[in-house]
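K.L.:
Take this sequence and fold it.
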Amino acid sequence: MEVAFSLSEVPMQWVLAFVENKQRAGFQALILQTMEYIGCYHGQKC
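P.N.:
Predicted coordinates for the structure are as follows:
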């Protein structure tokens, strides 16, 4: 199979997508931790 994309473009797109996904996942984890902390603090669940 031939490589139909330029090596100068695609890796940067991959890196940006990877970083964006990492930031999004980190943000969701932070929200979940905060929600769990608030829920635990208010005695709803632990």
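K.L.:
secondary structure element for residue 19?
P.N.:
Following DSSP states H and E, the helix or strand that holds residue 19 is helix 10-41.
K.L.:
Enumerate the residue intervals of this protein where per-residue confidence is below the cut-off.
P.N.:
Where the chain drops to pLDDT under 70, the residues are 1-10, 40-46.
K.L.:
switch to 90 and redo it
P.N.:
Counting by pLDDT under 90, the chain has low-confidence residues at 1-16, 18-19, 21, 24, 28, 31-46.
K.L.:
quick revisit: so which elements touch the helix holding residue 19?
P.N.:
In this structure, helix 10-41 packs against no helix or strand, with contacts taken as 3 or more C-beta pairs under 8 Å, 6 or more residues apart in numbering; DSSP states H and E. Heads up, the C-betas are built off the backbone N, CA and C, glycines and all.
K.L.:
buried sites along that helix?
P.N.:
Neighbour counts over helix 10-41 (16 or more other C-beta atoms under 10 Å) mark no residue as buried.
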